[in-house]
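Engineer: take this sequence and fold it.
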Amino acid sequence: MNAVGSSTKQAQVVLTGLGFGESPRWHEGRLWFSNWGTQQIVAMDKAGNSAVMARVPTTIPYCIDWLPDGRLLVVSGQEGLLLRMEPDGSFAVHADFTGTAKSAWNEIVVDGRGNTYVNGAGIVLVRPDGSVNHFPEELAFPNGMAITPDNKTLIVAESYAKRLTAFDIAPDGGLSNRRVWADLDTGVPDGICIDSEGAVWYADVPNKRCVRAREGGEVLGTIQVDRGCFSCMLGGADRKTLYIVAAEWLGFERIGEALTARTARLLAVEAPAAGAGWP
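Structural biologist: The predicted model follows:
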């Protein structure tokens, strides 16, 4: 593996030549991620062997997570649909968000009780019984989401506001008590994950780094790389490997060019604490 520069540690290059890596998830002993620009969902084992697990009928964004029974969910962002992968590999509509927003839907997280949260124009909750609630919160370009191990707090990355925002989760899945979990100063959070010490790792595209922060905003560590970091996930046998999907970012107006250039990489670095919560 090739080393990439870091301010504290060396992140190692695990995979190259991706269209655009997003939504990394550690699931059943493998790292899964969306490979934007190819319509692929890819899984990589601990030996570094990767395989295409599904092809999705959408463009971008599309992000993934799993129901407690093991069925894969895919956010079909432009279409406003939440898709569910059936045992035969086909996709069925799990929830329909069309008409609830003019912009694309984005990230997804499923908590330990089977509640599914999708963000974009606010946050949509899909309960295990199929009922849907829309919380039309004004969020400044919401990106990554994570839920604490006790299922009581949802943390959302607001990229344009440079902060992590938290909500209390009620027993029925409802959201309340919105508050600033961490003001990130110059940080621009994209994908996020939680560790066993209660800290949050956030990926940062313009600053080309992943940052570990405590509630309140104290920075505990930084991994600096040579291109924009879009998302991160703690995985590996002990859940102490931080996986980072990174790519050279040319701006929204040149995203087609970025997808064609295949500058996206999957990186890995040892983390001080294991992954916790969801995803």
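
Engineer: low pLDDT regions in the stretch 1-150 of the chain?
Structural biologist: For the stretch 1-150 of the chain, the stretches with pLDDT under 70 are 1-8, 101.

Engineer: ok, Ser23 touching Ile60?
Structural biologist: No: here Ser23 does not reach Ile60: they are 10.7 Å apart, not a contact under Cβ atoms under 8 Å. Every C-beta, even on glycine, is put in place using the N, C-alpha and C of the backbone.

Engineer: the more surrounded of the two?
Structural biologist: Ser23 (27 against 19; other Cβ atoms under 10 Å).

Engineer: tell me the SS of the more buried one?
Structural biologist: strand (DSSP: H, G, I helix; E, B strand; the rest coil).

Engineer: that one: what's it in contact with?
Structural biologist: Contact analysis of Ser23 by Cβ atoms under 8 Å, 6 or more residues apart in numbering lists Phe33, Ser34, Tyr62, Cys63, Ile64, Glu107, Ile108, Gly191, Ser231.

Engineer: same deal with Ala274?
Structural biologist: Remark: with contacts taken as Cβ under 8 Å, 6+ apart, Ala274 is in contact with Asp195, Ser196, Leu234, Asp238, Arg239, Lys240.

Engineer: so can I have JSON lines of the residues you listed showing distance to Asn151 and neighbour count?
Structural biologist: Listed next are these as JSON lines, based on distance: Cβ to Cβ, whole Å; neighbours: other Cβ atoms under 10 Å:
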{"residue": "Asp195", "distance to Asn151": "17", "neighbour count": "21"}
{"residue": "Ser196", "distance to Asn151": "16", "neighbour count": "15"}
{"residue": "Leu234", "distance to Asn151": "18", "neighbour count": "23"}
{"residue": "Asp238", "distance to Asn151": "23", "neighbour count": "11"}
{"residue": "Arg239", "distance to Asn151": "18", "neighbour count": "18"}
{"residue": "Lys240", "distance to Asn151": "23", "neighbour count": "16"}
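
Engineer: now intersect the residues you listed with the strands, please.
Structural biologist: Asp195, Leu234 (DSSP state E).

Engineer: which pair in the contacts of Ala274 spans the largest distance?
Structural biologist: Asp195 and Asp238 (11.8 Å; Cβ to Cβ).

Engineer: over to Thr260. Which of the three states is it?
Structural biologist: Thr260 ends up helix, using three-state DSSP.

Engineer: residues near it, how many?
Structural biologist: 11.

Engineer: list the contacts for it?
Structural biologist: Thr260 is in contact with Gly37, counting by Cβ under 8 Å, 6+ apart.
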